[in-house]
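Participant: kindly return the folded structure for what I paste below:
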Amino acid sequence: MAKWQYTKGMHDLGNGAWAYLLPDGSWGWSNAGLIVDGEETLLVDTLFDLPLTREMLDTMKKSVPAAAHIRTLVNTHVNGDHTHGNQLVTGAEIVGTKKLREEMEAAPPEALGQLFQNWRALGPAGAFLNEAMGSKFDFSGIINTPPTKLFEGELTLKVGDKEVKLVDLGPAHTPSDVVAYVPKDKVVFTGDLLFNGGHPAVWSGPVSNWIKACDTMLSWDIETVVPGHGPITDKSALRALREYFVTLTGETRRRFDAGLSVEEAGRDILAHPINDWIDDERIFINVNALYRDFRGQSGEMQITRGDALKIWEMMGKFHFERAEAAGHHGHAH
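Facilitator: Below is the predicted model of the structure:
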């Protein structure tokens, strides 16, 4: 959508809705939202590290003086690039699902920090983890700060006279994926239920539930969609994501039925790309999720750490082989 610039920082969506963007939207470079009515403010998500979150909060104050005292912070899901800055939003009530709180307690930021520190011991998986995220963010000083106000299913909050509907449409990307819908502004902040222009990552699944989540959002009266990663958009990006999952399900099913392994199926699909979105190595995550669905193993289980490392290894091998073939290291999209 040409109407929105994809630039770092604050974007005024009109009527007191704001998006904060971090291009290029790849691994860890996430978006946040601010909903304002008079002196009341609600923040949707924080960023992957403290320096980035601090910079965002300072920028927000300049655009919206009321954001000096954010009363409510909503976390859409467990991933650190949406929660690691929580401790800096001092005095705010942090809202999230019960499941999100359990997930945050089970996987504290220190564990991720250690993983990035020890990347050399993890072969191609570690090398890719380090290149994609470990070397780009500062994981020091992060204190696990989970939600204090918990809900399940749906919760309606008020920001001044505005209603903000929080709806858990997971499990899909993670075991609990909340979107923040502001009917009055016709805006939805999707968290990572939408990666716009990037391949999604189905860490939890089932994929059929993510398709259902797209259908739910498409049924709402919305004009502006703020994805968890990528440029501000409209419903067209939700339709494109839905189409991606339908296509990928068919392509993966054929290879599953032919007896290919997850890695073979992923490479085979990548040989004839579905689209030109970034982070296409995530096909391996998504094929793995679909294989679990086909075997009847999906559900609300987040993938195990051992399985996740195997997938990071598949992604790493593919990424570095392609970079080498392109004659340089780094992205070769």
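
Participant: can you list the weak-confidence ranges in the stretch 151-300 of the chain?
Facilitator: Using pLDDT under 70 as the threshold, the predicted model of the stretch 151-300 of the chain has low-confidence ranges 298-300.

Participant: where along it do the strands fall?
Facilitator: If you assign secondary structure with DSSP state E, counting those that start in this stretch, the strands in the stretch 151-300 of the chain sit at 154-159, 162-168, 178-182, 187-189, 224-226.

Participant: would you turn those strands into JSON lines with mean neighbour count and distance to residue 26?
Facilitator: In this view, the C-beta of every residue, glycine as well, is placed from N, C-alpha and C. Putting the strands of the stretch 151-300 of the chain into JSON lines (neighbours: other CB atoms under 10 Å; distance: least, CB to CB, whole Å) gives the following:
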{"stretch": "strand 154-159", "mean neighbour count": "16", "distance to residue 26": "31"}
{"stretch": "strand 162-168", "mean neighbour count": "20", "distance to residue 26": "26"}
{"stretch": "strand 178-182", "mean neighbour count": "25", "distance to residue 26": "22"}
{"stretch": "strand 187-189", "mean neighbour count": "28", "distance to residue 26": "19"}
{"stretch": "strand 224-226", "mean neighbour count": "26", "distance to residue 26": "17"}
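
Participant: just give the closest residue to residue 143, not the sequence neighbours.
Facilitator: The shortest distance from residue 143 to any non-neighbouring residue, by CB to CB, 6 or more residues apart in numbering, is to residue 87 (4.8 Å).

Participant: identify the residues contacting that neighbour.
Facilitator: Contacts for residue 87 were tallied using CB atoms under 8 Å, 6 or more residues apart in numbering; they are 50, 142, 143, 145.

Participant: then residue 226?
Facilitator: Residues in contact with residue 226, defined by CB under 8 Å, 6+ apart, are 13, 19, 31, 33, 44, 187, 188, 189, 190, 232.

Participant: quick one: it from residue 314, how far?
Facilitator: When CB to CB, to the nearest Å is applied, the distance between residue 226 and residue 314 equals 31 Å.

Participant: in contact with the nearest residue to residue 14 once chain neighbours are set aside, which residues?
Facilitator: With CB to CB, 6+ apart as the measure, residue 185 is the residue that lies nearest to residue 14, at 7.3 Å, once sequence neighbours are left out. For residue 185, the contact set (CB under 8 Å, 6+ apart) comprises 13, 14, 15, 16, 17, 35, 162, 224.

Participant: can you put those residues in a markdown table and add secondary structure?
Facilitator: Conversion of the contacts of residue 185 to a markdown table gives the following (DSSP: H, G, I helix; E, B strand; the rest coil):
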| residue | secondary structure |
| --- | --- |
| 13 | strand |
| 14 | strand |
| 15 | coil |
| 16 | coil |
| 17 | strand |
| 35 | strand |
| 162 | strand |
| 224 | strand |
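
Participant: out of those residues, what pair is the most spread apart?
Facilitator: With distance counted by CB to CB, no two of those lie farther apart than 162 and 224, which are 14.5 Å apart.

Participant: I figured residue 293 hits residue 209, correct?
Facilitator: No. The pair residue 293 and residue 209 does not pass the contact test of CB atoms under 8 Å, sitting 9.5 Å apart.

Participant: now do the helices in the stretch 151-300 of the chain.
Facilitator: Secondary structure of the stretch 151-300 of the chain (DSSP state H, counting those that start in this stretch): helices at 207-218, 235-257, 262-270, 283-294.

Participant: just name the most buried of those.
Facilitator: Between the helices of the stretch 151-300 of the chain, helix 283-294 has the highest mean count of neighbours, a mean of 24, where neighbours are mean count of other CB atoms under 10 Å.

Participant: how far out from the middle of the chain is the following helix or strand past that one?
Facilitator: Downstream of helix 283-294, the next assigned helix or strand under DSSP states H and E is helix 305-325. Helix 305-325 has its C-alpha centroid displaced from the chain centroid by 20 Å (CA atoms, centre = their mean, to the nearest Å).

Participant: next, the angle helix 262-270 makes with helix 305-325.
Facilitator: 40 degrees (axes from the mean of the first three to the mean of the last three CA atoms, to 10 degrees).

Participant: wasn't residue 139 part of a helix?
Facilitator: No. Residue state for residue 139 (three-state DSSP) corresponds to coil; a helix is not indicated.
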